[in-house]
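Student: Let's see this in three dimensions:
(4 chains)
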Amino acid sequence: MKILYFAWLRERLNKGEEDVTLPPEVTTIAGLLDWLAGRDEAAALALEKRSLIKAAINAKLVQHDTSLVGAHTVALFPPMTGG
Amino acid sequence: MKILYFAWLRERLNKGEEDVTLPPEVTTIAGLLDWLAGRDEAAALALEKRSLIKAAINAKLVQHDTSLVGAHTVALFPPMTGG
Amino acid sequence: MDIRVTQDPFDPGAESNAFIARGAAAGAAVTFTGLVRSLPDDPILTLTLDCYPELAINQLTGLAATAAARFHLADVTIIHRYGPMQPGEPIVQVMTLSAHRQPAFDAAQLIMDHLKTDAPFWKKEQTAQGEHWVEAKSADDKAKARWE
Amino acid sequence: MDIRVTQDPFDPGAESNAFIARGAAAGAAVTFTGLVRSLPDDPILTLTLDCYPELAINQLTGLAATAAARFHLADVTIIHRYGPMQPGEPIVQVMTLSAHRQPAFDAAQLIMDHLKTDAPFWKKEQTAQGEHWVEAKSADDKAKARWE
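Tutor: Take a look at the predicted model:
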């Protein structure tokens, strides 16, 4: 599964994307965030305030409790500030 | 004093403007409308519905009870439909 | 502030660009363009606007100044054509510039809502059935009243 | 309907003219142009927008379709740039076309109010003091909520 990072999340994690193989117990966006945060301290810090992390699966906006079934691309990013 | 007519008022009166010399008892827009309506039948008909006649004195919108003192140009016209 | 009442056609996009170029750093520009409408069931051949230019300039200038003060606009432009026009041609353009989008939208709407009933223009439609003066709409009075 | 997410600069007036030319007989066109703002007390040197283009196209397409259906638009176009930009340059342009001015105004505002919080763009401002990511504003959530 591919993960994309945007804006300050990309900068704090120092990467725009990565390919990951998830353990079977990671089944939702919330689970993915926990798993990512547990990998290293930079991720733990960047993902600390979960309310500031938004997510998309396969280029569709989703909630944190959305299932990862069928997800080939997950994007994680802060609240939008365009326009 | 010059009087200007616009839109269907100009067409019904068959003139865009005229110079008039008012009798001393005509002192307001309402008085002017009465006086014009009394001159001929076309004017009486065109000015019949007074609520459809709007007026300006010296290129400023006025009410029917506004005094004609200082008026060098009076414009009479139907409700506006621009934009 | 730029107020124009003219018989000449104008280029909506070129006017927008010139307006924006004067104060782009403000941030938010709203443009309303009113065009000669043509209904499929009774196509308009020509729309002719009668106008009292001197009063129109006075009214539009007052309206632009009111909107600029109320909504703290960085700039405002009103262009209104009169004379004969064809379907699709621009009749009126209102442009507002502000630091934020909401005041720019509100100002453009306030100007249009007042312009409809307060600026001395009168529309005459010519169709295959003949010609007639457009009647003033009570909806336009209501649209204006919401700003009071 | 035309949705564009692009790194290339665009010409606001040329886009308005092309939009109007496609359906001018509708009558009322509203254009909102958002430009790179620059505050006098801390001038912005460069504004850089990060973007997730695939999601942006999905979100803007959905938003345009929602607005078009709700306000019976004749046409709608959204253009949004990303990448580095200078003060005064256009970031976003929303254009709506309708038979009447009120739906055209409402649709353009609904699109902008949703776009601010729902389209995946992120602004980073570079000033003499350094660079920082713009924070999301609660005012933007409120502006969106009024359409619910």
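
Student: which SSE is residue C:59 in?
Tutor: Using DSSP states H and E, the element containing residue C:59 is helix C:53-70.

Student: Off-centre distance for that helix?
Tutor: Average the C-alpha atoms of helix C:53-70, do the same for its chain, and the two points are 12 Å apart (C-alpha atoms, centre = their mean, to the nearest Å).

Student: That helix vs chain B: in contact?
Tutor: Yes - Helix C:53-70 is in contact with chain B by C-beta under 8 Å from any C-beta of the partner chain, via C:54-55, C:58-59. Heads up, the C-betas are built off the backbone N, CA and C, glycines and all.

Student: anything in the helix or strand bottoming out on mean pLDDT in chain C near chain D?
Tutor: For chain C, the helix or strand with the lowest mean confidence is helix C:138-145, at a mean of 86 (criterion: mean pLDDT, DSSP states H and E). Yes - contact between helix C:138-145 and chain D, assessed by C-beta under 8 Å from any C-beta, occurs at residue C:143.

Student: Now that helix: buried residues?
Tutor: C:140, C:143-144 (16 or more other C-beta atoms under 10 Å in any protein chain shown).

Student: neighbouring contacts of it?
Tutor: C:113-114, C:116-118, D:102 (C-beta atoms under 8 Å, 6 or more residues apart in numbering or on different chains).

Student: can you tell me which residues contact residue 60?
Tutor: No chain specified, so I'll use chain A. For residue A:60, the contacting residues are D:55, D:58, taking C-beta under 8 Å, 6+ apart as the criterion.

Student: Correction: the question concerned chain C.
Tutor: The contact partners of residue C:60, taken as C-beta under 8 Å, 6+ apart, are C:3, C:5, C:78, C:80, C:115, C:119.

Student: Relative to chain D, how far out is it?
Tutor: As for residue C:60, its distance to chain D is 16 Å (criterion: C-beta to the nearest C-beta, to the nearest Å).

Student: Count the residues that sit near the residue of chain C found nearest chain A.
Tutor: Evaluated by C-beta to the nearest C-beta, chain C has residue C:101 as its residue closest to chain A, separated by 8.0 Å. Other residues within reach of residue C:101 by the criterion other C-beta atoms under 10 Å in any protein chain shown amount to 24.

Student: Residue C:102 now?
Tutor: When neighbours are defined as other C-beta under 10 Å, residue C:102 has 16 of them.

Student: quick one: the strands in chain C?
Tutor: Taking DSSP state E to define them, one finds strands in chain C at C:2-6, C:28-35, C:44-51, C:75-81, C:83-85, C:90-98, C:121-127, C:130-133.

Student: For chain D, tell me whether the fourth one is touching it.
Tutor: No - contact between strand C:75-81 and chain D is absent, the nearest approach being 12.4 Å (criterion: C-beta under 8 Å from any C-beta).

Student: as a whole number, average confidence for that strand?
Tutor: Mean per-residue pLDDT for strand C:75-81: 98.

Student: quick check, distance from that strand to the centre of its chain.
Tutor: Counting by C-alpha atoms, centre = their mean, strand C:75-81 comes out at 7 Å from the chain centroid.
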